[in-house]
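A.B. asks: sequence unavailable; structure follows:
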């Protein structure tokens, strides 16, 4: 059980681009809430500018991008650049969805903290976020 005096980790879940499949993002959002996280779900068809703006306005700890469209490299490069430009290049950004293993090093090179392919367990995502947020900055 979570200590109520401890600040809850705040996670922004978003669907960049024109991808209209959001079942996975909604499932992860609900699962993170069930595990004690504060979750903001932005919904479909978000631009990099909208995502960066929401991350800043909501003062989130983590941005989670659900990507199934195959356009993850271009979208994530823009999002990471936007966060860096806004002074939040240190923000923990995770990506989930249909991501080829060969693209993971490129995404991490952009500054993405971790990539969770389709079928990753919620337990692994929760554990990664909790461990990453406990690391000293």
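C.D. replies: Arrived safely, thanks for sending. Predicted model, so just to flag it, every value in this text is computed and none were measured. Numbering: from 1, shown residues only.
A.B. asks: just the residues contacting stretch 103-117, thanks.
C.D. replies: 72-73, 76-77, 80, 83-84, 89, 92-99, 101, 124-125, 128, 132 (Cβ atoms under 8 Å, 6 or more residues apart in numbering). No exception for glycine: its C-beta is placed from N, CA and C like everyone else's.
A.B. asks: for the lowest-mean-pLDDT helix or strand in the chain, packing partners?
C.D. replies: When each helix and strand of the chain is scored by mean pLDDT, DSSP states H and E, helix 23-34 comes last, with a mean of 93. Other elements packing on helix 23-34 under the criterion 3 or more Cβ pairs under 8 Å, 6 or more residues apart in numbering; DSSP states H and E are strand 10-14, strand 38-41, strand 62-67, strand 92-97, helix 122-134.
A.B. asks: what comes up buried for stretch 87-94?
C.D. replies: 88, 91, 92, 93, 94 (16 or more other Cβ atoms under 10 Å).
A.B. asks: most centrally placed residue in the chain?
C.D. replies: residue 64 (1.1 Å; Cα atoms, centre = their mean).
A.B. asks: ok, now which ones touch that residue?
C.D. replies: Contacts of residue 64 (Cβ under 8 Å, 6+ apart): 11, 12, 13, 14, 25, 28, 93, 94, 95, 96.
A.B. asks: save these as a markdown table, and put in distance to residue 48 too.
C.D. replies: Below are these laid out as a markdown table (distance: Cβ to Cβ, whole Å):
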| residue | distance to residue 48 |
| --- | --- |
| 11 | 18 |
| 12 | 13 |
| 13 | 15 |
| 14 | 10 |
| 25 | 16 |
| 28 | 20 |
| 93 | 12 |
| 94 | 16 |
| 95 | 13 |
| 96 | 17 |
